[in-house]
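[1] Attaching a predicted model along with its sequence, questions to come.
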Amino acid sequence: MGILVVGSVALDSVQTPFGKRDNILGGSATFFSFSASFFNKVDIVAVVGADFPKSDLGLFRKKGIGTEGLEIAGGNTFRWKGRYDYDFNTAHTIYTHLNVFSDFKPSVPERLKNSEYVFLANIDPDLQYNVLKQMKRPKLVACDSMNFWISTKKKSLARLLDHIDIILLNDAEARQFSGESNLFKAARSILKLGPRAVVIKKGEHGVLYFSRESHFVAPAYLLETINDPTGAGDTFAGGMMGFLSRCKKINDAEIRRSLIYGSIMASFAVEDFSVGRLARLSKREIAARYKHFRKITRF
Ligand code: AMP
């Protein structure tokens, strides 16, 4: 069985120094699923409103992403508006309208309860927990979160951490969640809540991986063109989880490789707004960038 993701499917309005777009396809489950679909079969569990464009639904289907668990409810789709300055590492949220997510009761289709790889993408941690409880026996469970949930639902997030293998956060979120400014200490304190590993994303400065036994540091792929960093974190998670789902055995070396695939997928996502670049990406381009990444980081 492939990968199951629960998270937001959104209509985003985004402003960056290089452009502005309104009501474009976004959401944590969207970016994750587009990215992971290059590695394995992905199914999403989420909700959209009656206003969700059919053409956007078509984009999921075109990528072979399973939408059996995508509920279409009366009401409006989740909407997020954000702005980035020249420092692309910080998203300034202008508004978050949960809309149909406010009373969403996720129901995992029976067939998908056997999914071996589960990604609890950024959404209300109570919904993440609810989905996890419906799964039968996943091999690997990872989750993501963000400042919005850390400040409003910290206890729910802490409860979730005791049931997952890997948590991904960006550096600001890791600091906010742990109350530690030093990222090493932040990771150690998060590990104490139960996960086997913590991945701290540092945007253009790369990624840190911490388990109880080891840690690893990987740079980000250097790019000349960045138009919109929205979704980079979820796309990273999709590459990482997608790669891990294809490994016969998940060991330290494969985890390291998965972080590189995560960085590579994120590097494509930020080249265009929404899922524009991921929608027209090929496996050959991914392989070429992986090869180049090895070349520029080997010493
Ligand atoms: P990322 O840039 O990877 O952190 O994710 C950006 C995506 O997260 C956007 O497409 C938003 O629609 C989505 N998003 C923003 N705020 C939230 C939230 N509070 N819960 C779930 N998804 C969100």
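    Received it, and whenever you're ready, just let me know what you need.

[2] hey, let's count contacts and neighbours off CA atoms from now on
    Noted.

[3] what separates Gly74 from the ligand, distance-wise?
    According to C-alpha to the nearest ligand atom, to the nearest Å, Gly74 and the ligand sit 19 Å apart.

[4] and that residue, what is it in contact with?
    Contact analysis of Gly74 by C-alpha atoms under 8 Å, 6 or more residues apart in numbering lists Gly49, Ala50, Val100.

[5] Just the buried ones from these?
    Gly49, Val100 (16 or more other C-alpha atoms under 10 Å).

[6] Turn the contacts of Gly74 into JSON lines, including pLDDT and distance to Ile264.
    Below are those laid out as JSON lines (pLDDT from 0 to 100; distance: C-alpha to C-alpha, whole Å):
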{"residue": "Gly49", "pLDDT": "98", "distance to Ile264": "32"}
{"residue": "Ala50", "pLDDT": "97", "distance to Ile264": "34"}
{"residue": "Val100", "pLDDT": "97", "distance to Ile264": "33"}
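
[7] now, which of the contacts of Gly74 lie within strands?
    Gly49 (DSSP state E).

[8] Make CSV from the contacts of Gly74 and add distance to Asn76 to it.
    Putting the contacts of Gly74 into CSV (distance: C-alpha to C-alpha, whole Å) gives the following:
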residue, distance to Asn76
Gly49, 4
Ala50, 6
Val100, 6
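
[9] closest to the ligand among the contacts of Gly74?
    Val100 (12.0 Å; C-alpha to the nearest ligand atom).

[10] Show me where the stretch 151-299 of the chain has its strands.
    Remark: strands assigned in the stretch 151-299 of the chain by DSSP state E, counting those that start in this stretch are 166-170, 197-201, 207-211, 215-218.

[11] Redo those strands as a markdown table? Include distance to the ligand, mean neighbour count and mean pLDDT.
    Below are the strands of the stretch 151-299 of the chain laid out as a markdown table (distance: least, C-alpha to the nearest ligand atom, whole Å; neighbours: other C-alpha atoms under 10 Å; pLDDT from 0 to 100):
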| stretch | distance to the ligand | mean neighbour count | mean pLDDT |
| --- | --- | --- | --- |
| strand 166-170 | 8 | 24 | 97 |
| strand 197-201 | 10 | 24 | 97 |
| strand 207-211 | 14 | 21 | 97 |
| strand 215-218 | 18 | 15 | 95 |
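
[12] Residues of the protein that sit close to the ligand?
    Contact residues (C-alpha under 6 Å from any ligand atom) of the chain with the ligand: 8, 10, 12, 26-28, 80, 122-123, 148, 230-234.

[13] and Phe60, how many neighbours?
    Counted with other C-alpha atoms under 10 Å, residues neighbouring Phe60 total 19.

[14] Tell me which entries of the residues of the chain next to the ligand lie within helices.
    Using DSSP state H, the members of the residues of the chain next to the ligand that fall in helices are Ser28, Phe148, Ala232, Gly233, Asp234.

[15] Which two of those have the greatest separation?
    Based on C-alpha to C-alpha, the longest span within those runs between Phe148 and Ala232 and measures 17.2 Å.

[16] Please compute how far stretch 146-166 lies from its chain's middle.
    With C-alpha atoms, centre = their mean, to the nearest Å as the basis, stretch 146-166 stands 15 Å off its chain's centre.

[17] try stretch 20-40
    9 Å.

[18] Endpoint to endpoint, it covers what distance?
    32 Å (C-alpha to C-alpha, to the nearest Å).

[19] mind starting the numbering at 26 from now?
    Right, with 26 as the first residue, what we last looked at is stretch 45-65.

[20] Next, find the distance separating the closest residue to the ligand within the stretch 76-225 of the chain from Asn139.
    Distances between the stretch 76-225 of the chain and the ligand by C-alpha to the nearest ligand atom are smallest at Ile148, namely 4.0 Å. To Asn139, Ile148 is 22 Å away according to C-alpha to C-alpha.

[21] All set, thanks.
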